[in-house]
Every structure is written in structure tokens, then in C-alpha cells.
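In: can't give you the sequence, but here's the structure:
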């Protein structure tokens, strides 16, 4: 039985820029894990498509007919839920008997609302999907009755029966032993359609292969929806490194990135990981990076990571104001931020990245100035600056509805299509929409002036970048150069 898994574009096609490079590094790896599980456990024929590999969404109906799919899964966050619905509507016009299940952060956060608002979805898979989608697949393959009734008694879903009633079958147990999952099947991915990333330690572009070493996060940031719950589950170090070794030997991987929300937060686990990585000799073959928190980082970890081949670490700093951080359930100080980032730089980690969110609850013009001032003195190589988006099933969503922390919604109902991290979802205290946009622009200006690459390194990167662009599309180089000369790109 043929299965299609889709990561849709947003309805506004924000990714379809008309100039410069705008190519994803990897597919949605949650779908890769789902597809791998179906292939391994049930022998399913699985196809993955996303806005990187499938450009003509107007022809999706013909694609569906040609491949005779019986079950289609569509993942979605809030910003692309209407895009997911648009594709589902096209599919139902082609064949109303195809079962369409939606999953991901937004459907999990508001399953009943999603089914009510988007009737082309037959069911919602809640949270972790492997066990649930396998059961649906096996039942659908042999089910003799009405197809929608295949969802009856399947744990972990919310579905609509033939009478139009929405039924919640309750949560499914989480997978306790992550080592039991098969390694991601990279044959599901056409890596030639994804971008490569510049490695300043090698002066060349490389494929970056994603790996998850854990699932879930025990922390409770107000702006975060815990898709895989607050229960943090980790794979064994041997299991993770077996996958790294396989990627290196089979696919020639020289660089990987751990996609975990929280990578081995226990000090002992992290130290054991680094030691085993070196013991296996992987530090000479596969460079790596990961994301961690300011408050779980310890100064000694960076030296260990560097010795084990780590070249990239990302921190979700979020703000330079302790008042704003406390309001977001992040309880670390400015001194801690400075200490952690300084020690990371001193250890010789090649690329240090931070993230900021402007417009969080309790934000004011004064707290913005605190963040901008801190940004001028801390070490970093790259920084992503987002304006606040508000997502369902978060503490922040409830705070926004109640107006806590000075948040003022711009309308009675949030429009999911408007979420972009480049336009504010709300005003806050003495900050207007224009103030927030200007604050983001000021932060970006500081970031550009704070780049530490010397002229020789910049030359290496520009040369490698030009070669990479020519390989993709010579006209892309022309468009990028034009934007660079106009000051639109750096």
C-alpha cells in the first residue's frame, strides 16, 4: 500500500523568494522517521515531499492519481496549517476515499478545532506518530468496512466518524526505548535537492546530516509548545554513535547536527558522549554541532566538545533582560550569559550561534535597550532575531488572551497565516508594532557590525559560496550579487 508524507508550504508561500539562495538544508526529519518506521515494520511503500522537492503544488492532484496513494499524512506547524488544508482539499477532490491524517505541533495543540475548521482532514495523530501511524496502516490495509471507521479504538488520535462527530481516543504511550527505533532511512531523501552549509574550518560547503539523540524537553518556556511532552527521553550513546558511524561509512557524512531541543543535559552523559566519540575516532571523521541552554551549560563542556570534533553550538538566549527572561520561565542572569558564551569562545568552538525573541511578555523600551547593549559585548558568530509569534497550547497563548505581561493582541483572533517571526503578533507595554520592528532592525545592524570574520576568511567564504551558487544555478549568483551590492544581503 502506497503512503505519502507531506511537509507543506505556507499558504502565502513565504519560502518562495524571488532572489538569492533560499534552499533548505534538510527535510522535516520527523517525517523521515515516520516513513522509516512504516518501511521497516510494515514494508510500506513511502514517498516524502516538501516545499523543497515539490514545487508545482497545483499539480499535486495529478501526482496523487498517478501514484495511487491510500493513506496521506500531512505535518503542520501553525504558520502552514492553512497550506496543509489547501493541499488536503485538492487531494479530496481527486479521491474522497483517500484517508488524510494531520500531525505536528498545530494539530496536536488544537485537534478538535483543527478538525472543525478543516474538514478535509479525517483524523489528527497526536504527538509522537510512529506507533499510531503503523497501527492505522496495518488496519487500513486489511479493513473490510467503512474506511473512516478504521480509526475506531486507535489510541493517540482524534477523528471524525461518518456522522461527523469528533472523537478523541485518548493519548498513546510514548516510546520509552528510543534505541528500539530504526535509524533514519536516507533513501527516502533526495539529498541533491537540499543545500549544503559552509564549514569555515574546512573552507568548503558540506552536507549536514541531522540526528536526534533524544525526544522531549523537561523545561517550560512560556513560548514553547511541548509537542513530544516534558518527558525527556534519550538514546544510548552507543546507539547514537552507531548511527553517526553508519552515516560516515555509507553516505560519506563529514558533518552532522543534533536536532534535539536539549542535547544530553546531564553532565555525566555529555562527558561520556564526548569521550566515546573520541575513542571511536569519530572526531577525526565527522564534525558536529548541537543546541543547548544557557542554564544547563557548564564551562568545562566546551573544551570536551571541541576535542571531540564539535564546531558549532547554538544557544537560545532569547533576551538580555533578566525581567523578560524570568517572565519566559528562563531563570538565568546576564552574568551567566556572558560567562557561558565567553567560555565557549575561549574553548575554540568555531561557530557560536545565539537566538533572540523580541516582544516577549514584560518587554519594554528599557528591556530592549538591555538586550541591544548586551548584544554589543558578548561573543557570537551568528544570531537569529525573531519577533514574537504566539502559538496555541503555550503558556504565552494564555497570557496573551488575558493580557498578562503587557501583551496586547491586535485582533480578537490570531491569524495563523500571519506568523512569520518578522512581523509582531502583538504589541507589548510601551512598544508599538513599529517599535518592535525597529528594535529587530537595530539588533540586526549590531549583528552585522559584530561579525568577526577577517578578510582572508571572508575571501575563502565568498569564493566557496560563488562556486556553490554556480553549481546550483548561475543566475542565482547574479541575483545574489545584485542584492549584496544593494545592501540586502551580507
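Out: Here it is on my side, so go on. From a predicted model like this one, the values you see are computed outputs, not experimental measurements. Numbering: from 1, shown residues only.
In: the helix or strand harbouring residue 140: which residues count as buried?
Out: Counting by DSSP states H and E, the secondary-structure element that holds residue 140 is helix 130-142. The neighbour-count criterion (16 or more other CB atoms under 10 Å) identifies 130-140 as the buried residues of helix 130-142. Heads up, the C-betas are built off the backbone N, CA and C, glycines and all.
In: tell me which of those is nearest to residue 119?
Out: The shortest gap between residue 119 and any of those belongs to residue 136, at 19.0 Å (CB to CB).
In: just checking, residue 23 touches residue 192?
Out: No - using CB atoms under 8 Å, residue 23 and residue 192 do not qualify as a contacting pair, with a distance of 11.1 Å.
In: more neighbours: these two, which one.
Out: Using other CB atoms under 10 Å, the more surrounded residue of residue 23 and residue 192 is residue 23, with 13 against 7.
In: how close does the residue lying closest to that one once chain neighbours are set aside sit to residue 307?
Out: Distances taken as CB to CB, 6 or more residues apart in numbering put residue 195 closest to residue 23, at 3.7 Å, once the chain neighbours are dropped. Here residue 195 is placed at a distance of 29 Å from residue 307 (CB to CB, to the nearest Å).
In: give me the nearest residue to residue 395, chain neighbours excluded.
Out: Taking CB to CB, 6+ apart, and ignoring the residues beside it in sequence, residue 395 has residue 222 as its nearest neighbour in space, at 4.0 Å.
In: which of the three states applies to that neighbour?
Out: coil (DSSP: H, G, I helix; E, B strand; the rest coil).
In: kindly report the same for residue 46.
Out: Here residue 46 takes the strand state, with states given by three-state DSSP.
In: so what's the residue count around the nearest residue to it once chain neighbours are set aside?
Out: Counting by CB to CB, 6+ apart, residue 46 lies nearest to residue 35, which is 4.0 Å off, once chain neighbours are set aside. The number of residues packed near residue 35 is 26, by other CB under 10 Å.
In: averaged pLDDT, the host helix or strand of residue 35. What do you get?
Out: Mapping residue 35 onto the secondary structure by DSSP H and E places it in helix 29-42. Mean pLDDT, taken over the full extent of helix 29-42, equals 97.
In: who are the contact partners of the residue nearest to residue 395?
Out: Contacts for residue 222 (CB atoms under 8 Å, 6 or more residues apart in numbering) come out as 327-329, 360-361, 394-396, 399.
In: before we move on, what about residue 180?
Out: By CB under 8 Å, 6+ apart, no residues touch residue 180.
In: got phi/psi on it?
Out: Geometry field for residue 180 lists phi and psi as phi -80, psi -10, criterion degrees, to the nearest 10.
In: same question for the one 5 residues further on.
Out: Reported as degrees, to the nearest 10, the phi and psi values for residue 185 are phi -90, psi 100.
In: so what's it up against?
Out: Listed by CB under 8 Å, 6+ apart, the contact set of residue 185 reads 32, 35-36, 39-40.
In: show me just the buried residues among those.
Out: Among the contacts of residue 185, those scoring as buried are 32, 35-36, 39 (criterion: 16+ other CB under 10 Å).
In: nearest to residue 319 among those?
Out: Here the nearest of the buried ones among the contacts of residue 185 to residue 319, counting by CB to CB, is residue 32; it sits at 33.3 Å.
In: residues of the strand or helix carrying residue 434 that come out buried?
Out: Following DSSP H and E, the helix or strand that holds residue 434 is helix 433-449. Taking 16+ other CB under 10 Å as the basis for neighbour counts, the residues of helix 433-449 that come out buried are 433, 435-437, 439-440, 442-443, 446-447.
In: picking up where we left off before, the residue nearest to residue 46 and residue 189 touch, don't they?
Out: No - between residue 35 and residue 189 there is no contact under CB under 8 Å: 9.4 Å.
In: all the helices of the stretch 51-200 of the chain, residue numbers only.
Out: In the stretch 51-200 of the chain, helices defined by DSSP state H, counting those that start in this stretch lie at 60-67, 81-94, 105-109, 111-117, 130-142, listed in chain order.
In: nothing else from me, thank you.
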